[in-house]
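> Let me see the structure of the following:
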Amino acid sequence: MSTRAWLAGGIALTTTAALGATLLVAAPSEAAAPSQKVALAAAATTKISSSRKARQKKRAAYAVGYAYKQIGDPYRYGGTGPGSWDCSGLAGGAWRKAGVKLPRTTQQIYRAVKYKVSLKGAVKGDLLFFYGGRSHMGIYVGNGYMIHAPSSGQRVKRVKINSYYKRNFNGAVRPGY
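Predicted coordinates for the structure are as follows:
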């Protein structure tokens, strides 16, 4: 194994040869100026522009408004609306009306939406997941409430996220980015 390092504009470039392959690695050099180190650290984190945040917030408000209009519709396993819903069908339908396409099932939605949030950090439009297998979900509508399609024999409703839901909470995502 051989290693050589060069300094180029505050970045240490290192080549390493191992098992016949050469690898070029870029890392902040120890000699880099403090301002360069800060700039490199800032570039490493992904920033979401204010215009994308504004567009996401507008879409979330539309999705929440659509979900409110579905309150009272019956639950139906596999239901994707418009007259009956299951939990993921309701979330997908609301966000689809807002211009965001989501996969069909709760697990697929959780995996597909990359922007994860905490329950305490949830804002209107975030999707909340419950139970070990993330087998149920709801749309957070603010002030500690969500809209969901509970189960067979029930109807879409707005409920308080009480201790039961907090105990069974298993992740949240923010679609629309």
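
> from what I can see Ala149 touches Thr80, true?
No. Judged on CB atoms under 8 Å, Ala149 makes no contact with Thr80 at a distance of 10.6 Å. C-beta here means a position set from N, CA and C on the backbone, and glycine is covered the same way.

> Residues in contact with both of those two, list them for me.
Residues touching both Ala149 and Thr80 (CB atoms under 8 Å, 6 or more residues apart in numbering) are 86, 89.

> More neighbours: the two, which one.
Neighbours per residue (other CB atoms under 10 Å) separate Ala149 from Thr80, with Ala149 holding more: 29 against 15.

> Where does pLDDT dip in this structure?
1-46 (pLDDT under 70).

> Can you give the domain ranges for it?
Listed by automatic domain parsing, the domain ranges of the chain are 2-44, 50-173.

> Just say which of those is most tucked in.
Ranked by mean neighbour count under mean count of other CB atoms under 10 Å, the domains of the chain are led by domain 50-173, which reaches a mean of 17.

> start to end distance for that one?
Domain 50-173 stretches 19 Å from its first residue to its last (CA to CA, to the nearest Å).

> now stretch 162-171
This stretch, stretch 162-171, spans 16 Å end to end (CA to CA).

> Strands of this structure, start to end?
With DSSP state E as the criterion, the chain has strands at 2-8, 11-18, 21-28, 116-117, 127-130, 136-142, 145-148, 157-160, 169-173.

> check contacts around Gly92.
Counting by CB under 8 Å, 6+ apart, Gly92 makes contact with 80, 102-104, 109.

> So which of the residues you listed are in helices?
Among the contacts of Gly92, DSSP state H puts Ile109 in helices.

> Adding distance to Gly121, write the contacts of Gly92 out as CSV.
CSV is the format used below for the contacts of Gly92 (distance: CB to CB, whole Å):
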residue, distance to Gly121
Thr80, 28
Leu102, 20
Pro103, 23
Arg104, 26
Ile109, 18
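
> Alright, that wraps it up for me.
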